[in-house]
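**Student:** Okay, structure incoming, though there's no sequence with it:
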């Protein structure tokens, strides 16, 4: 591997966090958009954010990006 283990973990975590922030807004509908706003709830609150599914998707996408980075880094050595 072209990186030390701590550096690889730090790179993967940075990739994961960036992808998480990119995937997070996909498919989110607010209570205002759904037309169902209970009393005391912000109309902009998400109805069903599906965080577990997004975390799995983020992990898969991040792993693919990380592997691609490792391959490109090895090819340029």
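**Tutor:** Ah, there it is. These figures come from a predicted structure and were not determined experimentally.

**Student:** C-alpha only now, for contacts and for neighbours.
**Tutor:** Noted.

**Student:** what secondary structure does residue 26 sit in?
**Tutor:** coil (DSSP: H, G, I helix; E, B strand; the rest coil).

**Student:** phi, psi of it?
**Tutor:** Here the main-chain torsion angles of residue 26 (degrees, to the nearest 10) amount to phi -60, psi 130.

**Student:** Quickly note the distance from residue 65 to residue 35.
**Tutor:** For residue 65, the distance to residue 35 equals 38 Å [Cα to Cα, to the nearest Å].

**Student:** To clarify, my last question referred to residue 47.
**Tutor:** Residue 47 is 10 Å from residue 35, by Cα to Cα.

**Student:** So which of residue 65 and residue 35 has more stuff around it?
**Tutor:** residue 65 (16 against 9; other Cα atoms under 10 Å).

**Student:** my guess is the more buried one is in a helix, correct?
**Tutor:** Yes. Checked against three-state DSSP, residue 65 lies within a helix.

**Student:** For it, give me its contacts.
**Tutor:** Contact analysis of residue 65 by Cα atoms under 8 Å, 6 or more residues apart in numbering lists residue 15.

**Student:** Do you know the pLDDT at it?
**Tutor:** Note on residue 65: pLDDT of 98.

**Student:** Now tell me what touches the lowest-mean-pLDDT helix or strand in the chain from outside.
**Tutor:** Taking mean pLDDT, DSSP states H and E as the measure, the helix or strand of the chain with the lowest value is helix 31-34, at a mean of 86. Helix 31-34 is contacted by residues 37, 42, 43, 44, 45, 46, 47 when judged by Cα under 8 Å, 6+ apart.

**Student:** List the buried residues of stretch 67-75.
**Tutor:** Applying a neighbour-count criterion of 16 or more other Cα atoms under 10 Å, one finds residue 70 buried in stretch 67-75.

**Student:** Nice, that's everything, thank you.
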